[in-house]
Structure formats: C-alpha cells, structure tokens
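Chemist: The amino acid sequence is not available; the structure is as follows:
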C-alpha cells in the first residue's frame with residue numbers, strides 16, 4: 001500500500017531508469033518514481049531524445065502528450081494515464097503513469113510490441129469476425145493468408161475513438177491501446193496529435209459513420225467550455241495557438257455534426273498497425 005497519491009510521487013519523486021522500451025521510435029524509458037516509502041512505475045520520454053518530425057515542427061512531442069492528457073481530463077475521461085512534464089535523468093521530459101497489464105513484469109521493455117489483446121483489437125482469419133467485434137479492413141499477414149483487422153464493439157474503445165477525433169491523433173496503433181489489470185482501457189503515445197491539418201490515422205474505424213451518443217456529446221461540450229476558460233491558455237503553453245484553435249473547431253464540428261468520421265482520406269491506418 002502507498003501513502004502518497006501517485007500524482008505527487010510522479011511530480012516530486014526521484015526518477016530511476018530501470019529499462020529502455022526498445023521498440024519506441026524515440027528515447028523512452030521505464031522508470032521508478034520514488035518519494036519516501038512510495039514507488040510507482042512510469043514512462044519517461046526526455047525531450048532531448050525526440051527525433052525531429054518534418055510535419056510536426058512546432059513545440060515538443062512531450063508537450064503534445066501532456067496536452068492530450070489535459071484534454072482527456074477536461075472531459076472527465078480516464079483515457080490517457082496521468083501525464084506531466086518534469087526534469088529527469090536525461091533532462092526535461094514527459095512522465096506518464098505506467099499501466100499494468102496482464103502478464104507484465106518489472107523487466108518487460110517491449111510494451112509497444114504488444115497488441116491490446118484478443119478481447120479488444122486483433123487480426124482474425126478473413127470471414128471469421130467474432131460476435132461483438134467490428135471489422136476495420138482486409139489484409140494479408142506475413143504468411144500470405146487473408147485476415148481481417150477487428151476491434152471489440154466496446155464502450156471503452158469507442159470513447160478512445162471519439163477522443164482521437166478530437167485530438168486529431170495521427171498514430172492510434174493497436175499497441176497504443178492498453179488493457180489495464182484494473183479493467184480500464186487506456187490510450188498512450190500521443191506525441192503526434194493536435195495538428196491543425198486533418199491527420200487522423202487509427203485502427204479504431206469500426207464506428208465510422210455512426211452517430212455519437214448524447215452522453216458523449218455532453219462531455220465534448222464540457223471540453224468546449226474548458227477551452228473557453230482556463231484550458232485554452234494552458235494548452236497554449238504546450239502547443240501553438242493555431243493548434244488550440246483547431247481543437248476548438250473540431251469540438252464545434254463534432255457537436256454540430258455528431259457523426260464519427262469515415263476513413264475517406266490518404267493513409268487512414270497507421271503503419272505498422274500494431
């Protein structure tokens with residue numbers, strides 16, 4: 001049992017690197033944050049380890065990760081694990097609460113290689129979509145067999161899909177959806193979000209063209225109110241004012257036309273998909 005809130009430990013605790021997540025495209029470390037007798041695992045991505053992206057030239061990936069967390073929090077959604085920017089062993093960087101998953105152990109450093117699991121996102125033989133799943137696309141696996149990318153028709157996943165529309169997520173891979181041992185479903189790796197141009201790329205197209213329910217729209221409206229209050233100014237310290245304005249426009253657009261977008265665009269699926 002811990003005596004401190006995990007947020008306090010992540011903000012104020014000493015960060016110790018215990019492993020590197022090798023599959024990540026940028027420097028990404030599994031750390032322990034320790035404050036007194038309390039220790040929490042977290043992900044640490046130092047800004048100096050970010051590879052420059054020609055299509056995301058402004059700010060930092062860490063700033064976009066934190067901005068995405070703040071959007072989730074403003075909606076009252078626990079979609080993105082608690083995320084901050086703070087100093088660490090390799091300088092200023094993003095620190096995010098680690099999501100424990102079934103089968104995790106302290107030495108696992110390949111989180112990004114693991115899909116969310118057969119109960120959420122998977123590849124199945126063509127023509128054999130399980131009950132309760134939604135098909136996304138047909139493809140061929142490495143053995144040349146025809147398969148279908150599917151995801152569960154699950155409220156927790158649907159919420160992430162709506163969130164991705166709002167933050168304009170350009171990289172919602174299957175491995176960026178984590179099924180926690182606490183029963184929660186979380187989205188991670190939001191370094192390429194919140195662009196002013198339409199860049200939505202996701203494996204969660206199962207609800208394309210479907211209406212957004214009233215309860216979700218109420219939370220989207222809550223985000224709009226927050227943007228018109230203090231959140232807008234706070235986000236301007238993490239992303240550009242134009243990107244904040246584009247976020248507002250996506251909120252207004254979804255409220256005015258509460259239908260999930262369709263993948264009628266170039267490269268609607270991130271690669272690799274997992």
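Modeler: Happy to help now that I have it. Keep in mind that what you see is a predicted model, and the values were worked out from it rather than measured. Numbering: from 1, shown residues only.
Chemist: quick one: contacts for residue 60?
Modeler: Neighbouring residues of residue 60 by C-beta atoms under 8 Å, 6 or more residues apart in numbering: 47, 50. The C-beta positions use only the backbone N, C-alpha and C, and glycine is treated the same way.
Chemist: show me the contacts for residue 166.
Modeler: Neighbouring residues of residue 166 by C-beta under 8 Å, 6+ apart: 71, 220, 223, 247, 250-251, 254.
Chemist: what does stretch 28-36 contact?
Modeler: With C-beta under 8 Å, 6+ apart as the test, stretch 28-36 has contacts from 3-4, 8-10, 12-21, 39-46, 49, 88-90, 95, 98, 109.
Chemist: Report the buried members of those residues.
Modeler: Buried subset of these (neighbour count, 16 or more other C-beta atoms under 10 Å): 4, 8-10, 13, 15, 21, 39-46, 49, 88, 90, 95, 98, 109.
Chemist: where in the stretch 51-200 of the chain is pLDDT low?
Modeler: 104-118 (pLDDT under 70).
Chemist: how about the strands in it?
Modeler: Counting by DSSP state E, counting those that start in this stretch, the stretch 51-200 of the chain has strands at residues 83-86, 93-97, 121-125, 133-140, 146-152, 177-179, 185-187.
Chemist: now, which of the contacts of stretch 28-36 lie within helices?
Modeler: Using DSSP state H, the subset of those located in helices is 8-10, 12.
Chemist: ok, of the residues you listed, which one's closest to residue 156?
Modeler: Checking the ones in helices among the contacts of stretch 28-36 against residue 156 by C-beta to C-beta gives residue 10 as the nearest, at 23.3 Å.
Chemist: Give me the neighbour count for the residue lying closest to the closest one once chain neighbours are set aside.
Modeler: Nearest non-adjacent residue to residue 10, counting by C-beta to C-beta, 6 or more residues apart in numbering: residue 33, 5.0 Å away. For residue 33, the count of nearby residues is 25 (other C-beta atoms under 10 Å).
Chemist: in whichever helix or strand residue 33 is part of, what counts as buried?
Modeler: Assessed by DSSP states H and E, residue 33 sits inside strand 29-35. Judged by neighbour count (16+ other C-beta under 10 Å), strand 29-35 contains these buried residues: 29-33, 35.
Chemist: Name every strand pairing with it and say which way it goes.
Modeler: Applying DSSP bridges, strand 29-35 is found paired with strand 14-20 (antiparallel), strand 38-46 (antiparallel).
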